[in-house]
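[1] coords below, sequence missing:
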């Protein structure tokens, strides 16, 4: 019988250990602000692109229209986004941040910055830069495009 590799022999194992810790910490932080990570990503995308159709947002985030619709419904209920008719197409509508949503994005962004610092400030600047370059190279070479939402 051939020996099998140890669980900890895999780079993916170590990547997942770090990813889980970073993600779970951030999940708790944004939950204290009344949103999920997916809702934060949705709002951050709207902050960047402005009013946009759900289908365009779905494409940008690498999500299905149904998933975008469910997120939009939750954010509309929380009054963090608004839905308006598309002036060019009466059948379509656009999504944008509400005033309260626009005020909340910088608060959530600060939490993201703090969470990053909490986990990665143990690395020196050279190490952080190297880690970022390696991860970005993997994303580019593997043509990964989905926006992480959980």
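    Cool, got the structure. None of these values were measured; they are calculated from a predicted model.
[2] for the protein, just list every one of the helices.
    With DSSP state H, the ranges of helices along the chain come out as 11-31, 37-49, 54-61, 65-77, 99-120, 125-141.
[3] other SSEs contacting the last one?
    In terms of contacts (3 or more C-beta pairs under 8 Å, 6 or more residues apart in numbering; DSSP states H and E), helix 125-141 is packed against no helix or strand at all. Every C-beta, even on glycine, is put in place using the N, C-alpha and C of the backbone.
[4] what angle do it and helix 11-31 make?
    Relative orientation of helix 125-141 and helix 11-31, computed by axes from the mean of the first three to the mean of the last three C-alpha atoms, to 10 degrees: 100 degrees.
[5] quick one, helix 125-141 and helix 99-120 angle?
    For helix 125-141 against helix 99-120, the angle by the same axes, to 10 degrees is 120 degrees.
[6] on that earlier part again, and among the helices of the chain, the most buried is which?
    With neighbours defined as mean count of other C-beta atoms under 10 Å, those peak in mean count at helix 37-49, which reaches a mean of 20.
[7] hang on, the earlier thing: nearest to residue 89, of the helices of the chain?
    helix 54-61 (11.4 Å; C-beta to C-beta).
[8] neighbouring contacts of that closest one?
    Applying C-beta atoms under 8 Å, 6 or more residues apart in numbering, the external contacts of helix 54-61 come out as 41-42, 45-46, 49, 52, 64-65, 67-69, 72, 93, 95, 146-147, 149.
[9] make a markdown table out of the helices of the chain and add distance to residue 86 and mean pLDDT.
    Formatted as a markdown table, the helices of the chain follow (distance: least, C-beta to C-beta, whole Å; pLDDT from 0 to 100):
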| stretch | distance to residue 86 | mean pLDDT |
| --- | --- | --- |
| helix 11-31 | 30 | 95 |
| helix 37-49 | 15 | 94 |
| helix 54-61 | 11 | 90 |
| helix 65-77 | 14 | 95 |
| helix 99-120 | 19 | 96 |
| helix 125-141 | 32 | 96 |
